[in-house]
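Trainee: what's the 3D shape of this:
(chains A and B)
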Amino acid sequence: MKEGFRQSMAWLHTWAGLLVGWVLFVIFVGGTASYFKEEITFWMKPELHQSSRSDVPQVQAAERAIALLQKRGADSPRWFIDMPTAREPAVRMLWTAPPQPVAPGEKPKRQRFTQASMDPATGEAINNPRETRGGEFFYRLHFDLHYMPAIWARWIVGFCAMFMLVAILSGIVTHKRIFKDFFTFRPKKGQRSWLDAHNATAVLALPYHLMITYTGLVTLMFMYMPWAQQVAYKGDQKTFQAEIFPAFASGNAKRVGQAAPLTPIAPLLEQAMAHWDGGYVGRISVNNPNDAGATITLTRKDSHDISSDQPSMVFSGTNGKLISTAGDTARPAAETRGVLYGLHLGRFSNPLMRWLFFVSGVAGCIMVATGLLLWAVKERQKYAKAIAKGGRVSFGLRLVDGLNVGAIAGMPVAMAAFFWGNRLLPVDIAERAQAEITVFFTVWGIATVAGLLWPTRRMWQAQLVAGGALFATIPLLNAFTTSTHLGASIPAGMWRIAGVDLTCLVFGLALLWSAWWVGRRAEKKTKKAAEVAEGNWAGAGAQ
Amino acid sequence: MPTVASEGLRYRLAVAARAVAAIAGGYALAALSAAALSVALPLSRPEASLTGTLASFGAYACAVMWVFAARTALWAWLGLLVAATPFGLMLAFYFYGGSAA
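Mentor: The predicted structure follows:
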């Protein structure tokens, strides 16, 4: 829409980024928090903090889980057992309720799942912790948003992700000095500083941004782009699923209706570990337990390599004979998809890598935020003369200013309020998990309305201070409401709890610092007359 | 960014035309490429479908950039058509070519 290639790309970058920027910010924040969703969930269930952390051999943990399931869900058609990991020391179990007889002509009801966690050291179910969505809330917010059907949300998120991909690619071609820009930071220079901050966070983590945006689209690509399977499989979903995900297809054996005892699990685990050269079993699924048609599927633990598609083995549930294996043969495109999917989820990573992803995610949040601010800063310059004479800015700029305050500065306030709600809401109220989420959205709603009504520097400061104060005092909140405060968790090496406390503290201090910084800039501005910095960003300047 | 002077109806219509070309035209091209590659690539059926689908998002992004880089909206649409032709031929050959050959 401009003369010259780089100018049109700069234009495209600006508008593709601005139009979906606020949704992207939510997606980035939710996704970044999700890297530690297990830790956040654990932190939000203080009743579990004291559960034992002893390492239990895999076979023993599996046998105990099956013993517990035999007591709780012997007649269930399907069991899922997630084996303990370093990040989740409890065994998690999920089983479906026995199917209810369906009147002819009626659709069968959706399967209902029951969940339980078990301490692998004792074989006892862990007593009900407080009801909370925990880190799962941020994970779902990341692609299902909230208060709308998930399918709409996923299309919206996909649409925004596609804009993001375009914004990134056009942002790259806009920069002829991409390498030099990375080493350029001109602080205290108004617009140029915003631009440099935007460039630094964008270029610093550029491979990450590009990877995470593309792989994000890949996670839901069969929904967004179903045309390959429509044509190649003529719309035959079942065959498609079976050929693309052979691991899932094998576990759908029919129930025979004849009782038969379940084969011991230990020899199967040993066989699987030998087959995978020592790779651990991550998930055990049992179809039709205690039936003559029982099958047991073992899937390898997904920390073994990057891919989200892990090989699996299916055994007969009655005599323990191997029925089939999946994922042993090379399938380059399927493996590529699995790796891309796995990269997005980041479950494979060791703690250091996970922190790197997290920091890159934070850089992404800052990139989106500074990009949005940059638009407002540049747009404001057009009105510099009018403002100096006491005039007003356009409706568009006012709207962007207001949304920026609410979406960017209001988000941390809402997140911190969510954590506060987790500790301060009474443990036994009904719909407790939803109440925590209501706290999040109420606070965020108030912040956004306040931002739209008074999109001023004072409002930025107020919200940053509120978010900073709430975040920075979370370790105190934890100290008053649990026994696993920093003074206890650090000496005991409970880093999953201490890590959340410390991260909140760091975020709180960073927000308070930025509030102070915003205030200091305001003082300077009043001393000096507002000077209009000249944009040097190719073409995108307001010429 | 539009300057205040260029912000006429004409300019807005031009942007709208490009946006439609980019969003709808780009998606159509990407969908076509995914479908065509899924049947034309010399790979097994699941492998070809996956390759086509994985590549289609790149095609989409490039199409959008092309649309906004092109000199005129008409030129942008023409470019999309040219890019779509080989994929259309692949699909046509798959659906009708088999019986003729």
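
Trainee: The helix or strand hosting residue B:16 close to chain A?
Mentor: Per DSSP states H and E: residue B:16 is located in helix B:9-20. Yes: Helix B:9-20 comes into contact with chain A (Cβ under 8 Å from any Cβ of the partner chain), by way of B:14, B:15, B:18. C-beta coordinates here come from the backbone N, C-alpha and C atoms, glycine included.

Trainee: Go through stretch B:15-27 and flag the buried ones.
Mentor: By neighbour count with 16 or more other Cβ atoms under 10 Å in any protein chain shown, stretch B:15-27 contains the buried residues B:15, B:17, B:18, B:19, B:21, B:22, B:23, B:25, B:26, B:27.

Trainee: Check stretch A:223-235 too.
Mentor: Buried residues in stretch A:223-235, defined by neighbour count with 16+ other Cβ under 10 Å: A:224, A:225, A:226, A:227, A:228, A:229, A:230, A:231, A:232, A:233.

Trainee: Quick check: closest non-adjacent residue to the last one.
Mentor: Right, residue A:233. Residue nearest to residue A:233 in three dimensions, not counting chain neighbours: residue A:240, with 4.4 Å by Cβ to Cβ, 6 or more residues apart in numbering or on different chains.

Trainee: Show me what from chain B comes close to chain A.
Mentor: For chain B, the residues in contact with chain A (Cβ under 8 Å from any Cβ) are B:1-4, B:14-15, B:18, B:30-32, B:34-39, B:43-54, B:56-58, B:60-62, B:64-65, B:68-69, B:91, B:94.

Trainee: Which members of those are classed as buried?
Mentor: With burial judged by 16+ other Cβ under 10 Å, the buried subset of the residues of chain B next to chain A is B:1, B:15, B:18, B:30-32, B:34-39, B:43, B:45-54, B:56-57, B:60-62, B:64-65, B:68-69, B:91, B:94.

Trainee: In helices, which of those fall?
Mentor: Among these, the ones falling in helices (DSSP state H) are B:15, B:18, B:30-32, B:34-39, B:45-54, B:56-57, B:60-62, B:64-65, B:68-69, B:91.

Trainee: quick one, what contacts whatever residue of the stretch 301-450 of chain A ends up closest to chain B?
Mentor: Proximity to chain B, evaluated over the stretch 301-450 of chain A using Cβ to the nearest Cβ, is greatest for residue A:333 at 3.9 Å. Contact analysis of residue A:333 by Cβ atoms under 8 Å, 6 or more residues apart in numbering or on different chains lists B:43, B:46, B:47, B:48, B:50, B:51, B:54.

Trainee: Stretch B:17-35: how far from the chain's middle?
Mentor: Centroid separation for stretch B:17-35 versus its chain: 4 Å, with Cα atoms, centre = their mean, to the nearest Å.

Trainee: Could you tell me the end-to-end distance of it?
Mentor: 26 Å (Cα to Cα, to the nearest Å).

Trainee: Need the residues that contact that stretch.
Mentor: Contacts of stretch B:17-35 (Cβ under 8 Å, 6+ apart): A:1, A:225, A:227-228, A:230-232, B:52-53, B:55-57, B:59-60, B:63-64, B:67-68, B:73, B:76-77, B:80, B:83-84, B:87-88, B:91.

Trainee: Identify the residue nearest residue A:459 in space, chain neighbours excluded?
Mentor: Among residues not flanking residue A:459 along the chain, residue A:405 sits closest, at 5.3 Å (Cβ to Cβ, 6+ apart).
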